[in-house]
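Trainee: Got a predicted model here, sequence first, then my questions.
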Amino acid sequence: MEVTGIGMSAMSTNVLSNANINSEIGIALLDKALEADQMNGDALTRMLERSVNPMVGQNIDIRL
């Protein structure tokens, strides 16, 4: 009986270890996705700011 208990304990430890690794991988992927979304949002904000008045800052008129 005890031999089976040891085998089951080792198997359950292995399952928990795999679940922990899968969880860490999922969190890392979500972190990368959030970073990409932040960069895309920043780029979209810059694009929208330029589209409101696209000619501002394009030309410099200097007259003395």
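Mentor: Thanks, I have the structure now.
Trainee: Helices of this structure, residue ranges please.
Mentor: Along the chain, counting by DSSP state H, helices occupy 2-52.
Trainee: so where is it shaky, pLDDT-wise?
Mentor: 1-11, 53-57, 64 (pLDDT under 70).
Trainee: what about residue 21, neighbour count?
Mentor: Residue 21 has 10 neighbouring residues, counting by other CB atoms under 10 Å. C-beta: built from backbone N, CA, C; applies to glycine.
Trainee: how close does it sit to residue 13?
Mentor: Per CB to CB, to the nearest Å, residue 21 is found 13 Å from residue 13.
Trainee: which neighbours do the two share?
Mentor: Counting by CB atoms under 8 Å, 6 or more residues apart in numbering, no residue touches both residue 21 and residue 13.
Trainee: tell me the contacts of residue 21?
Mentor: Residues in contact with residue 21 (CB under 8 Å, 6+ apart): none are found.
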